[in-house]
Structures are given as structure tokens and as C-alpha cells.
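**Student:** how would this look folded up:
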Amino acid sequence: MEFGQGTVSGIFDVALAFGMVVAAVNGVIHGYTGFGGALMTVPLLTFLFGPVEAIAIVGVMTICGSAQLYPRAVRNVLWRELLPIFAGIATVMPLGAFFLFNLDPLLIRRAMGAFILVFAFILMSGWVYRGPRGIAPGAVVGALAGGITGASGVGGPPLALYYLASPEPVDVQRANIIISVAVLTIAMLVAVSVGGGFSEPVLMRAVILTPAYVFGVWVGARLFAVAPKSYFRRIVLWLLVITGLSVVLI
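**Tutor:** Residues are numbered from 1 along each chain as shown. Modelled structure (predicted):
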């Protein structure tokens, strides 16, 4: 695809500059936790570009930024837990994308904020999933994540809650999250592409913002080994609360 001169010059504005800061900061969160970057990146970019455009841009950034995490994650991943989740994602994602393209953008934005707040308060409460594990529960979690991601782009939390409650070591939990989020993002990109969400300006913004996100993920991956986990967790949770309230109220 060729980009016209007007398209290129028209996207360099204050919104894009702010988007680069958002991409870098949230890339750090993604690199540290293995997920979570989209929780703030999607709603903040939605303020700038609209929900469909934001989800498309963040999808590209997430796949490229996470590429550096995949080699280690693949070595630690527990495939028997992931496969039912992948099936659930593939089954329900198209339904969520239908709502994304057919509901009022303001309603979609409010839903993003509400879901982010719910997830943040669940984490703050210390609640841990104690239910059954296996094929059926995994498929349900995947379906929930796929539906929410298709409709709002922020469906990673159900996966995180499910995996973080497993008895597996932290490295395995994080690897499961990283690979599942990758599959979730690819499915989302396919749905957005089929729906016509990738215009020239969207692709150009994605190309420009991705390097900032990739750098942030690189920083976050290194913080995972050295940063106090409790401090970082508290900061991220409060950022989620602030973001969620902003999206719901503004």
C-alpha cells in the first residue's frame, strides 16, 4: 500500500506525540507483567483516535513489542492449559468484534473504563480464582477474554487471573500469559482487519508508535528481574484505577 503525502503529513500532530509517550510507558508495563499494556494504551488512544483505530494500533504494537518475550516464554509455557483457552478465544472473538463495529463508540469507551476498574479492584482485593481447572474452565476463560477483546480490546485480565491462580512457578504463569495474549491479539487483528479497521492513517500511526512500545517492553522485561514487585504492582493498580475513572467519566 502506498501512502500519500497528505496522509503522512496529516498524522504528525500533538495527539501522535502524546501517543508515543503512552506507548512507551505502557510498553514497560507489558514487558514487566507479560500483559496489561493494552489496559491503559487502548483507552488512552481511544481518546485520541477512536476505539476501532486504537484497538488496531495497539494490536500491531503488542505483537511487535512482545516478539522479544516469545523465545523464553515458549520454553516455559504449559501447552495443556493453553489449548482450550485458544479454542474459546477463536469461538467468541468474532461476536465481540461485531459489537465493536456496530455499537456507539462512546458506549464502547465507557465499557472499557468499567472493565478496567473492575479488574483493578479485583486485584486490589487480593481475590484469587479457586475454581476448577481443565478443558471446560479454560474454554470459558478463553471465550470471556475473546469476547471482551473483540468488543473493547482489553480482554487480557481474565487470562491473567486464571493463570496467576495456578500452582505453577511464576515463570510458567508469565509465559502462559505472554503466549495467550499473543494469540488473543492475533485473533483481534484478524477481526479488525476483516471489519475494515486498517485505514492508511491507522497503519501509519501504528508504524510510528510501535518503536516506542517495543522500547518500553524491553525496559519492562529487564525490570522484571530487578524491580521490587510489590512497589510496581501498586503503581500499576493505581494507574489502572485512574485510567478507568478517566475513561468512564470524561
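**Student:** what packs against the biggest helix by length in the chain?
**Tutor:** Ranked by residue count and defined by DSSP state H, the top helix of the chain is helix 200-226. The helices and strands touching helix 200-226, judged by 3 or more Cβ pairs under 8 Å, 6 or more residues apart in numbering; DSSP states H and E, are helix 5-11, helix 14-33, helix 37-49, helix 51-66. Just so you know, the C-beta spots here come from the backbone N, C-alpha and C atoms, and that holds for glycine as well.
**Student:** redo the ones you listed as CSV? Include distance to Arg72.
**Tutor:** Output for these, formatted as CSV (distance: least, Cβ to Cβ, whole Å):
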stretch, distance to Arg72
helix 5-11, 35
helix 14-33, 12
helix 37-49, 18
helix 51-66, 11
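**Student:** for those helices, which one sits closest to Leu223?
**Tutor:** Between Leu223 and those, the tightest spacing by Cβ to Cβ is seen for helix 14-33, at 5.1 Å.
**Student:** would you mark the buried spots in the closest one?
**Tutor:** Going by neighbour count (16 or more other Cβ atoms under 10 Å), the buried part of helix 14-33 is 16, 19, 22-33.
**Student:** and it, average pLDDT?
**Tutor:** Averaged across helix 14-33, pLDDT comes to 84.
**Student:** which other residues reach it?
**Tutor:** Residues outside helix 14-33 that contact it (Cβ atoms under 8 Å, 6 or more residues apart in numbering): 36-41, 44-45, 48-49, 57, 61-62, 65-66, 69, 160, 174, 177, 205, 208-210, 212-224, 227, 232, 236, 239.
**Student:** do that again at 7 Å, thanks
**Tutor:** By Cβ atoms under 7 Å, 6 or more residues apart in numbering, the residues outside helix 14-33 that reach it are 36-37, 40-41, 44-45, 48, 61, 65, 205, 208-209, 212-221, 223-224, 232, 236.
**Student:** likewise for stretch 132-148?
**Tutor:** 81, 84-89, 91-93, 95-96, 115, 131, 154-156, 158-159, 162, 166, 184, 187.
**Student:** just the buried residues of that stretch, please?
**Tutor:** Neighbour-count burial for stretch 132-148, counted by 16+ other Cβ under 10 Å, picks out 137-148.
**Student:** what do you get for stretch 92-102?
**Tutor:** 92-94, 96-97, 100-101.
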